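In: Let me see the structure of the following:
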Amino acid sequence: LQISQSLRGIFINQSKYAYESLKKYGFESYDPMDTPMVEKSKLNEDKEWKAIDPLHYRAFADADHAGCQDTRCSTSGRVQFLGEMLISWSSKRQKSAAISSTEAEYIALSGCCAQILWMRSQLLDYGLEFNKIPMYYDNKSAIALCCNNVQHSRSKHID
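Out: Predicted coordinates for the structure are as follows:
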């Protein structure tokens, strides 16, 4: 990964990686090509534009269950948005195999909550204060466990 900075901005490219990949498979002599983009295109006004609160902070989380065929570990995914801008994301394999989809989803929720709390403290340094941060999730069992963390026979092993 090459990074360069100038008065025009910061530029990131992977030309060295691309060249090494081409060389590895015997394509050492190649002609570089620009990314196909329309030059000097005009932007039109969006007539259906609706204002979005730029300070609306929200999070989404999800997990699969036993997605890794070798270890049976699940993968957690999460994203956080401030307005329409993605400000944080993660996709990580969980460290232990979950017994149920509820457990896998609960672990993903926990990781997302930790990131939300950290991000909230960072945004507070910039004068942005958030009391309630909506977190969207699609597993009713994991949501119920978060709202009422009682020890049921199927969830008593979850710490």
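
In: Tell me where the longest helix sits in this structure.
Out: Criterion DSSP state H: the longest helix present in the chain is helix 101-125.

In: Give me the below-cutoff pLDDT ranges for the protein.
Out: Confidence mapping of the chain against pLDDT under 70 gives the ranges 30-39, 43, 46, 49-55, 149, 151-157, 159.

In: quick one, strands of it?
Out: 2-6, 9-13, 57-63, 75-82, 85-93, 135-136 (DSSP state E).

In: helices or strands up against the longest helix of the chain?
Out: strand 57-63, strand 75-82, strand 85-93, strand 135-136, helix 140-147 (3 or more Cβ pairs under 8 Å, 6 or more residues apart in numbering; DSSP states H and E). Glycine gets a C-beta too; all of them are placed from N, C-alpha and C.

In: one more time with 6 Å, if that's ok
Out: The contact analysis (3 or more Cβ pairs under 6 Å, 6 or more residues apart in numbering; DSSP states H and E) places helix 101-125 against strand 57-63, strand 75-82, helix 140-147.

In: Domain-wise, how is this protein divided?
Out: Per automatic domain parsing, the structural domains of the chain span 1-30, 57-147.

In: Output the helices and strands packed on helix 101-125 in a markdown table; the columns should cover mean neighbour count.
Out: A markdown table is the format used below for the helices and strands packed on helix 101-125 (neighbours: other Cβ atoms under 10 Å):
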| stretch | mean neighbour count |
| --- | --- |
| strand 57-63 | 20 |
| strand 75-82 | 19 |
| helix 140-147 | 16 |
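
In: So which of the ones you listed is nearest residue 102?
Out: helix 140-147 (4.0 Å; Cβ to Cβ).
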